[in-house]
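Asker: Pasting a predicted model and its sequence here:
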Amino acid sequence: MPGVVVIGGGWAGCGAALTAVKAGAEEVTLLERTDMFLGTGLVGGIMRNNGRYTAAEEAIALGGGDLFQAADACARHKNIEFPGHKHATLYDVCKIEPMVRRVLDHYGVKYRLLTRVKDVIMDGGKILAVVTEDGEKIYGDVFVETTGSCGPQGNCSKYGNGCAMCMFRCPSFGPRVSIAAKAGADEFQGKKADGSIGAMSGSCKINKDSLAPDIVEQLNRDGVAVIPVPPELQKGEAALATKACQQYALPAFNNNIVLLDTGHAKLMSPFYPLEKLRKVPGFENARYEDPYAGGIGNSMRFMAVSRRDNALQVNKVANLFCGGEKAGLLVGHTEAIVTGSLAGHNAVRYAAGRELLQLPDSLAIGDIIAHSNEQMQTEEGIRRKYTFSGANYFARMVEYNLYTTDQRAIRQRVAAAGLEGVYEQKVV
């Protein structure tokens, strides 16, 4: 019976741990360097917008729906529309992390917080163990890396506007370390359309109590508030190109302040100068909650992406799989969960000597994994971002008839591929 070690406790890592348990791993250990799970999920809050609805329902039909159901259970608003996006669910960022812990506990995942992995022990082309900051060696048969692609602070200074004091909290818990790179795998950095390195996290959180009462009332009631911005206070559309979340790089997000209610007020901009923001009516007392320096910048993403195949096995390291941003220029919680889920399942298949699962392109999940992998081999492709919720990939979903909100049709699609409940089936 194999032992699986997952490094990184964001959405992808939690997804990987759950599918590894379901596949029959004897022991699954989830390691997280901070004191909370979910990473960007601690401040994200958006699910099921546009093609993410399709992907979430595919994941549920595949047997990997626990995290989507947790988000649904924490929803503050459902079926919300905002510029360029339909039928979104907004989960409560203040409630989601404890809910996910309960899911992990239910399935018997052994997790360790405040455990920063800094190195690996290799045997040929395989990892024998990962080494923590205090020198402890944690052995496993197979490993899944879901450490993300943000940090350390030097990258935010070199490619962004400096450390923005975001939820990654590098100064407090230490920077991310790339396990794949330590193991000798090939990695690359994503680029913006102009060829510069990385992309900036796409939104900020504002304390609701610092906003005008009428804005708060509208957010609590409707889940969304769109406030026109005078031209002299707009940041300019060039700022939209800095965003990791290109699905929100629309003129409406420059001409208006778009707020979503996720517990805090989610400001759909990578940053907004505080002096400008406070000149907008209703924002005179505005205060950032994440990042605390949201007036000048945000975290830089896509600093270390692994080369991998469509089973999410990392090139050159036989017993290492990857999910989330480590698996590509993939943007969003849904994208992290579905790639992490496949990586965790295939980790157990690998350890058991079984053929690895590659999801077919008849499913949106399988298509985005394969399509992004193909595109990321090209210079043009590493300047793009891939998400179910917008930009180029959502247009592809529509073109290839992959996008639908018909739950019955989605279940039939998964069943037709012979994959209904596949993540709930033991492979050992």
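Answerer: Received it, and whenever you're ready, just let me know what you need. All values reported here derive from a predicted model rather than from experimental measurement.

Asker: residue boundaries of the helices in the stretch 201-350 of the chain?
Answerer: Applying DSSP state H, counting those that start in this stretch to the stretch 201-350 of the chain gives helices spanning 213-222, 252-255, 274-277, 333-351.

Asker: correct me, but residue 372 touches residue 335?
Answerer: No: between residue 372 and residue 335 there is no contact under C-beta atoms under 8 Å: 9.2 Å. (Each C-beta comes from the backbone N, C-alpha and C, glycine too.)

Asker: Please identify which of the two sits among more neighbours.
Answerer: Between residue 372 and residue 335, counted using other C-beta atoms under 10 Å, residue 335 has the larger neighbour count: 30 against 22.

Asker: Could you find the closest non-adjacent residue to that one?
Answerer: residue 387 (6.1 Å; C-beta to C-beta, 6 or more residues apart in numbering).

Asker: Also residue 188?
Answerer: The shortest distance from residue 188 to any residue other than its chain neighbours is 5.6 Å, reached at residue 305 (C-beta to C-beta, 6+ apart).

Asker: Could you check how far that neighbour is from residue 282?
Answerer: Between residue 305 and residue 282 the computed distance is 39 Å (C-beta to C-beta, to the nearest Å).

Asker: These two: who's more crowded?
Answerer: Neighbours per residue, other C-beta under 10 Å: of residue 305 and residue 282, the larger number sits with residue 305, 24 against 18.

Asker: Would you agree that one is in contact with residue 149?
Answerer: Yes: contact criterion C-beta under 8 Å: residue 305 and residue 149 qualify, at 5.8 Å.

Asker: residues shared between the contacts of those two?
Answerer: Residues touching both residue 305 and residue 149 (C-beta atoms under 8 Å, 6 or more residues apart in numbering): 190, 325, 326.

Asker: Report the separation between the second one and residue 95.
Answerer: Distance check for residue 325 against residue 95: by C-beta to C-beta, it reads 24 Å.

Asker: same deal with the first one?
Answerer: As defined by C-beta to C-beta, residue 190 lies at a distance of 31 Å from residue 95.

Asker: quick one, which of the two is more surrounded?
Answerer: Relative neighbour count places residue 190 above the other of residue 190 and residue 95, with 24 against 15, counting by other C-beta under 10 Å.

Asker: What sits closest to that one if chain neighbours are left out?
Answerer: Spatial nearest neighbour of residue 190, chain neighbours left out: residue 302 (3.1 Å); criterion: C-beta to C-beta, 6+ apart.

Asker: The closest residue to residue 223 other than its chain neighbours: neighbouring residues, count only.
Answerer: Excluding its sequence neighbours, the residue lying closest to residue 223 (C-beta to C-beta, 6+ apart) is residue 77, at 3.3 Å. For residue 77, the number of neighbouring residues by other C-beta under 10 Å comes to 20.

Asker: Report the separation between residue 77 and residue 224.
Answerer: Distance, residue 77 to residue 224, by C-beta to C-beta: 8 Å.

Asker: How about residue 206?
Answerer: The value you get for residue 206 to residue 224, if C-beta to C-beta is used, is 14 Å.

Asker: now residue 231
Answerer: Using C-beta to C-beta, we find residue 231 at a distance of 23 Å from residue 224.

Asker: Could you check which of these two has the larger neighbour count?
Answerer: Legend: neighbour count by other C-beta under 10 Å for residue 231 and residue 224, higher for residue 224 (21 against 9).

Asker: residue contacts, that one?
Answerer: Under the criterion of C-beta under 8 Å, 6+ apart, the contact list for residue 224 reads 77, 80, 81, 82, 258, 259, 260, 261.

Asker: Just list the residues touching the nearest residue in space to residue 2 that is not next to it in sequence, thanks.
Answerer: Counting by C-beta to C-beta, 6+ apart, the nearest residue to residue 2 once its immediate chain neighbours are dropped is residue 351, at 3.2 Å. For residue 351, the contact set (C-beta under 8 Å, 6+ apart) comprises 2, 3, 4, 25, 141, 142, 319, 428.

Asker: of these, buried ones?
Answerer: Burial by neighbour count, judged by 16 or more other C-beta atoms under 10 Å, picks out 2, 3, 4, 25, 141, 142, 319 from these.

Asker: correct me, but residue 125 touches residue 317?
Answerer: Yes: contact status for residue 125 versus residue 317: in contact at 6.2 Å, counting by C-beta under 8 Å.
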